[in-house]
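>>> show me how the following folds:
(one chain, ligands or ions: 2)
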Amino acid sequence: MSLSSAILQVRNLSVSFGKLKAVDNISFDVNRGVIHGFIGPNGAGKTTTIRVISTLQVPDSGGVWVGGMNVLTHPNEIRSKLGYMPDHVGVYSGLSVLEYLDFFALARRIFGSKKQSVISDVVELTGLGDLLDREVESLSKGMRQRLCLAQTLLHEPDLLILDEPASGLDPRARIEFRELILELRRLGKTVFLSSHILSELSPICDSVSIIETGNIVAHGPLEEIQDRMSKGVTSFEVTLLKDPNEDVEALLSQLPSLSLKMIQGRKFRFEWNGEVEGVAKVWELLSVNGFVISSISKKEDDLENIFMSLTTGEVQ
Ligand SMILES: Nc1ncnc2c1ncn2[C@@H]1O[C@H](COP(=O)(O)OP(=O)(O)OP(=O)(O)O)[C@@H](O)[C@H]1O
Ligand SMILES: [Mg+2]
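Ligands and ions are numbered 1, 2, ... in the order given. Here you go, the predicted structure:
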């Protein structure tokens, strides 16, 4: 089977644990060279799906193809092309960062000068250069994540499968980790990463799949999902210069295209149903009635909103 732009193809995949359908007949593709977010609440089936993709779990039915190869018939070839970082990464006590990388390079059968050069490349990429002699156990969570990513990259995989890579990181470490993911895309890698912290993915994902109770509830480029969800409705936030002492709500109710969503002191948020240009009427109405607008901004529907509209929060 040959695939054009899809590096990963999931077809009618189902996985059960006893009576529980953890993954229920899901299908989606991931194109080569993108960052793809696999998002869903706890227990949605993310790790189970990821374990099938990474050749660690046999499905009940359906299939997964990586680079055109079936995970069931070509597990070894796939393991050489895929880097998998699990949600909980173990570290070996008593090893330094360099010894840790050396150990995994040898386990990948990378020897001699090739080994030196790949270790030096991943160390540079992940910024671990000053930590080579540090005991792995003494590293902070953020540094450990970098080390695990470095280890995942040693065999130069095309596809990276990262299960909740940013969980437990502080905001700075999370931003640095995101930068690293973007750098991997620049290097031509495809990155498939899961999360239930939605806002951490929206700035970097080219496409997403949203999974809930083992079902894909949305899939595709982020903008397409955003467009589909907003259906011609645009959200705006307005800040007035002063606290209004008159009833802004009654005034705004004169505009049929406007639906007020929140009003709090000098700030209010509304949805505009129609041509975006028409929103100038809001400005006009407020100005004529003596309100001074200090700012007005268009709110993009972020992943968080999309996620809340698509999922019910049902847990199996
Ligand atoms: N080995 C297992 N045995 C029995 N049930 C399992 C097993 N692994 C997962 N499950 C169940 O399958 C469902 C999906 O679990 P999974 O770990 O794939 O979810 P997840 O989306 O990764 O969740 P989280 O965000 O908490 O990591 C859950 O109800 C879970 O309890
Ligand atoms: Mg999980």
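>>> when you work out contacts or count neighbours from here on, use the C-alpha atoms and nothing else.
OK.
>>> just for the stretch 1-150 of the chain, where's the confidence low?
1-4 (pLDDT under 70).
>>> show me this structure divided up by domain.
In terms of domains, the chain is parsed into 6-221, 231-301 (source: automatic domain parsing).
>>> could the ones you listed go into a markdown table alongside mean neighbour count and distance to residue 307?
Below are the domains of the chain laid out as a markdown table (neighbours: other C-alpha atoms under 10 Å; distance: least, C-alpha to C-alpha, whole Å):
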| stretch | mean neighbour count | distance to residue 307 |
| --- | --- | --- |
| domain 6-221 | 19 | 7 |
| domain 231-301 | 14 | 10 |
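>>> of all these, which lies closest to ligand 1?
Evaluated with C-alpha to the nearest ligand atom, those place domain 6-221 nearest to ligand 1, the distance being 3.2 Å.
>>> how far does that closest one stretch from one end to the other?
Here the two ends of domain 6-221 are set 14 Å apart, with distance taken as C-alpha to C-alpha, to the nearest Å.
>>> ok, back up a step: in a markdown table: the domains of the chain, plus distance to residue 311.
A markdown table is the format used below for those (distance: least, C-alpha to C-alpha, whole Å):
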| stretch | distance to residue 311 |
| --- | --- |
| domain 6-221 | 7 |
| domain 231-301 | 15 |
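>>> now do the strands in the stretch 201-316 of the chain.
Along the stretch 201-316 of the chain, the segments classed as strands by DSSP state E, counting those that start in this stretch run 207-212, 215-221, 233-240, 258-264, 267-273, 293-299.
>>> and those as a markdown table, adding mean pLDDT and distance to residue 89?
A markdown table is the format used below for the strands of the stretch 201-316 of the chain (pLDDT from 0 to 100; distance: least, C-alpha to C-alpha, whole Å):
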| stretch | mean pLDDT | distance to residue 89 |
| --- | --- | --- |
| strand 207-212 | 91 | 23 |
| strand 215-221 | 89 | 27 |
| strand 233-240 | 87 | 41 |
| strand 258-264 | 88 | 43 |
| strand 267-273 | 89 | 43 |
| strand 293-299 | 87 | 37 |
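>>> wait, which of those strands is closest to residue 126?
Distances from residue 126 to each of those were compared using C-alpha to C-alpha; the minimum, 24.2 Å, belongs to strand 207-212.
>>> just checking, what packs against the closest one?
For strand 207-212, the contact count by 3 or more C-alpha pairs under 8 Å, 6 or more residues apart in numbering; DSSP states H and E identifies strand 35-39, strand 215-221 as packing neighbours.
>>> got CSV for these, with distance to residue 257 too?
What follows is the helices and strands packed on strand 207-212, written out as CSV (distance: least, C-alpha to C-alpha, whole Å):
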stretch, distance to residue 257
strand 35-39, 33
strand 215-221, 28
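>>> in a markdown table: these, plus distance to ligand 1.
As requested, these are exported to a markdown table (distance: least, C-alpha to the nearest ligand atom, whole Å):
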| stretch | distance to ligand 1 |
| --- | --- |
| strand 35-39 | 8 |
| strand 215-221 | 11 |
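>>> sorry, back to before: can I get the strands of the stretch 201-316 of the chain in JSON lines with distance to residue 120?
Supplementary listing: the strands of the stretch 201-316 of the chain in JSON lines, determined by distance: least, C-alpha to C-alpha, whole Å:
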{"stretch": "strand 207-212", "distance to residue 120": "31"}
{"stretch": "strand 215-221", "distance to residue 120": "35"}
{"stretch": "strand 233-240", "distance to residue 120": "48"}
{"stretch": "strand 258-264", "distance to residue 120": "53"}
{"stretch": "strand 267-273", "distance to residue 120": "51"}
{"stretch": "strand 293-299", "distance to residue 120": "43"}
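>>> out of these, which is closest to residue 59?
Nearest to residue 59 among the strands of the stretch 201-316 of the chain is strand 215-221 (14.9 Å), distances taken as C-alpha to C-alpha.
>>> please name the nearest non-neighbouring residue to residue 11.
residue 27 (4.4 Å; C-alpha to C-alpha, 6 or more residues apart in numbering).
>>> list the contacts for the one you found?
Residues touching residue 27, when contacts are defined by C-alpha atoms under 8 Å, 6 or more residues apart in numbering, comprise 9, 10, 11, 12, 13, 216.
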